[in-house]
Each structure stands twice: as C-alpha cells, then as structure tokens.
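> I need the structure of the sequence given here:
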Amino acid sequence: MDYGQTKPVHAGPEDGWHGVIGPGSRFPPESGRYHLYIGYFCPFAHRANLVRVLKGLESAIDISVVKAYPKGEAGWSFPGANGPDDTYEDSTPDKLFGSKYLHEVYFRADENYKGRYSVPMLWDIKDGTIVNNESLEMLRWLQTGFNGILPRGSLQRELTLYPKHLRAEIDEVSKWLTRDLNSGVYKAGFARDQAAYEEGVIPVFAALNQLEQLIHKNGGPYVLGEELTELDILAYPTVIRFDVVYVQHFKCNLGTIRGNYPVIHEWLKNLYWNVEGFRKTTNFKHIKENYTKSHSDINPLAITPLGPFPDIEDSVNLDFGHIRPGVVAHPAVLEKQRGLPDI
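I've put the predicted structure just below:
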C-alpha cells in the first residue's frame, strides 16, 4: 500500500482529518502513540474498532468510549460530564485529557473546527493532533499500516481484508453495499415524509436481497466465500443492528434478518459466535439505547423495546449450499434489485 498522503490531513475548519499511518508517513506506526475514540453504538466506529481487534492492535492503540446517550447540543459525552453520578456501563472517561465532551478533543486539534464531532476519531499523542476521523479511510489503511510492529509470521500481520485477487469484486460490491444498505437505513430512518421514507427503505431491502444471493452463490462462510474481506466488515455493523434497532426504530420493517434472510442470518451468527473480534466489539445495550434515547423526534418518549429476544440467536449452520435463499418480494424492492450489478 502507498502510505503517501494524497490529500491534506486537514484542509481547514470545514474539513475532517485524513491522515494515514504507515512507514514513511507523517504518522509512522508506533505502539502507544495513537488513541482511538469510539462509541459502541456507531456502526462506522464499529468498523474501525473491529479492524483494530482483528489486527491484534488492542495493546498498541487504546480506546476511549463515549456514552451511548444523550447526545445533546454539546455532542457525545464521557462519564462524569454531568456530575459524579453520571455513569454508563462500558463507557470510559477520556483517558487522554479527562474531557467532558468529545468536541473538546476536536477543538484541541483545531479551535475553529466547524464539522461534526464524530466517532471514530484517531488521535496522535506525540504530535497532539487528530490523525483521521473518516471510517472508510481507516478501514483501508488499518489493515496494513501497523504491520511493521506486529510479530513476523503472525496471523494478525498477514491478515489483509483487501487482497489483490478480490479487489475488483470488493470495489464493485462495496459501492451498492455502502450506498443502499449502510447509508440506506439512515435515509429511511431520518426521512421527513412518506416519499423520502420509501425512497430510502426500498434500496435497503434490494441490497439485502442481493447480499443474500451473493453469500449463497459464494458458499460462505464470508461474503466472498472462504476469505474474510472488507465486505464482511462493511456489512456486519449494519446487519447486527438491523433486527434490534433498524426494523422498528427506522421503520425498516419490510422484513427481518432472522425471519426473511436465512443465508445472511447464518453468516451473521457465524461472525458473532465463531470469529474472534466480532462479538467482542458488539455491545447491544449501547446500540439499542443510543438510537432509542438519542432521537427524540423519532422516539419522543425514549422507550427502548425489550425485543427482539434474544439479541442474536445461537446455533450456526454453515452448510450454505443447503440453505434456500430468502427474499423480500415487494415489487418495488425487486425492481430496484434488478438495477444492481449482476452477482
């Protein structure tokens, strides 16, 4: 991978941060130099934290975890922001600066910053600045940027989620997967009228129909078959949230993963129960309470549903060849799916 910086790390107050960690970069790989800010609720932060764990970088990159709610006008907060009784299970203080709010850390890097105070965000302790706060960029270079400090011959060092022989297919699938599924649930959930909702929700299920067929065609256990790739990392944080949040909270109720997509369901359960890192980085309490208690316009009483129960089912069937693929056969969904690239 080319670790040269192809765009400014931070072009100004309206821009995010786009730094790259790797040999020869402004940000060289060093254990203990970088700190990752995340929220367990956020599917985009989930990507970065998942790659961090899969690559064996937990001791090299520590994390601070914001509370799942409330967000408020000041943005995401850390425990203690509202006094000593302000605690939240599995969140942490800001381990670097003891900040009350995440925006305080952003202003340390740029006091005039006008963008979003989002997670994930990676901080350079040595230079006192933000490295990157774009999850798709982190997903790509975290795979290889720290390889020089990992043990030679280790599985973690050898792991790449973007292998050369699969890059063309990964690039093609990731376009509709990120557009129609990852972003689609938000387009449906935050819609302000019926037309916008339908425009958002129909591509979600077209993408799920397509993903169901793709995993089945390739025989599992991963999206492209026997190799874990970026596509699994892109799909998992959205799919693991689907039944527990998006179905009811974002009105994505044309179907459920466990009820309508048997192939995706087994793929999901296998990752959660059998692949190191996936269960560890998944926190259902943070996920459910963030959405249901942070969006007062969608859920004004902030009541968190008890279901579905369980959050994820067990007993994994990896005989994908004998699973009949499911489909949500709504006419508009099928029409939208026909516009996706052939698998």
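> so how far is P325 from A60?
Taken as CB to CB, to the nearest Å, the spacing of A60 relative to P325 amounts to 40 Å. Where C-beta positions appear, they are placed from N, C-alpha and C, glycine not excepted.
> residue contacts, I303?
For I303, the contacting residues are T292, taking CB atoms under 8 Å, 6 or more residues apart in numbering as the criterion.
> that one looks like it's in a strand, true?
No: using DSSP: H, G, I helix; E, B strand; the rest coil, the assignment for I303 is coil, not a strand.
> ramachandran angles for it?
Backbone torsions for I303, taken as degrees, to the nearest 10, come to phi -90, psi 130.
> could I have stretch 137-144 exported to CSV, CA atoms only?
Listed next in CSV are the C-alpha coordinates belonging to stretch 137-144 (Å, rounded to 0.1, in the frame of the first residue of the first chain):
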residue,chain,number,x,y,z
GLU,A,137,-10.2,5.6,5.2
MET,A,138,-9.3,4.0,8.5
LEU,A,139,-10.8,0.7,7.4
ARG,A,140,-8.4,0.5,4.5
TRP,A,141,-5.0,1.5,6.0
LEU,A,142,-5.5,0.0,9.5
GLN,A,143,-5.2,-3.4,7.7
THR,A,144,-1.5,-2.8,6.9
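> pull the distance from that stretch to the chain's centre.
When C-alpha coordinates are averaged (CA atoms, centre = their mean, to the nearest Å), stretch 137-144 and its chain have centres 13 Å apart.
> equivalent analysis for stretch 190-200, please.
For stretch 190-200, the distance to the chain centre is 23 Å (CA atoms, centre = their mean).
> go on, stretch 329-343?
Here the centre of mass of C-alpha atoms in stretch 329-343, compared against the chain's by CA atoms, centre = their mean, lies 25 Å away.
> same check on stretch 141-149?
On the basis of CA atoms, centre = their mean, the separation between the geometric centre of stretch 141-149 and that of its chain is 19 Å.
> okay, buried residues for it please.
Going by neighbour count (16 or more other CB atoms under 10 Å), the buried part of stretch 141-149 is W141, L142, Q143, T144, G145, F146, N147.
> ditto for stretch 221-234
Under the neighbour-count criterion of 16+ other CB under 10 Å, stretch 221-234 has 221-225, 227-234 buried.
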